[in-house]
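In: The following block contains a protein sequence and its predicted model.
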Amino acid sequence: MMAKAKWYYNVWFVLLMLFVVVGPFGLPLVWKNPHFSRRVKVILTLVMIAYTIALIDLTIRAVRAVLQEVDAFNASLRF
């Protein structure tokens, strides 16, 4: 008989932690989870890597846009 899995191995909890709350720091939850096959673990890891790269790129673009607006605002204040 298989013992009942811990609450933190619930599939939806793991996916929520992975993609909304802790990002790549949630990968240990994926790899320790007995509900996921090795193939699913690899796929989730690759998706998390792509997701993290996309978020980093988006953050860099946002910071650059804000800095350009600040520079434009500062330039408009000069007399």
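Out: The structure has been received and is ready for your questions. Numbers count the residues shown, from 1 in each chain.
In: Just the C-alphas of the helix or strand hosting Phe13, formatted as PDB.
Out: Following DSSP states H and E, one finds Phe13 within helix 11-16. Provided in PDB are the C-alpha atoms of helix 11-16 (Å, rounded to 0.1, in the frame of the first residue of the first chain):
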ATOM      1  CA  VAL A  11       0.200  18.900  -8.300                       C
ATOM      2  CA  TRP A  12      -1.600  22.300  -8.300                       C
ATOM      3  CA  PHE A  13       0.300  23.500  -5.200                       C
ATOM      4  CA  VAL A  14       3.600  22.700  -6.900                       C
ATOM      5  CA  LEU A  15       2.600  24.400 -10.200                       C
ATOM      6  CA  LEU A  16       1.400  27.500  -8.300                       C
END
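In: Give the next helix or strand downstream of it.
Out: helix 27-32.
In: Go through the helix or strand following that following helix and flag the buried ones.
Out: Downstream of helix 27-32, the next assigned helix or strand under DSSP H and E is helix 38-77. The neighbour-count check on helix 38-77 (16 or more other CB atoms under 10 Å) flags Leu44, Met48 as buried. Backbone N, C-alpha and C define where each C-beta goes, glycine included.
In: Enumerate every residue touching the residue nearest the centre of the chain.
Out: Centroid-nearest residue in the chain, with CA atoms, centre = their mean: Gly23, separated by 3.3 Å. Residues counted as contacts of Gly23 (CB atoms under 8 Å, 6 or more residues apart in numbering) are Met48, Tyr51, Thr52, Leu55.
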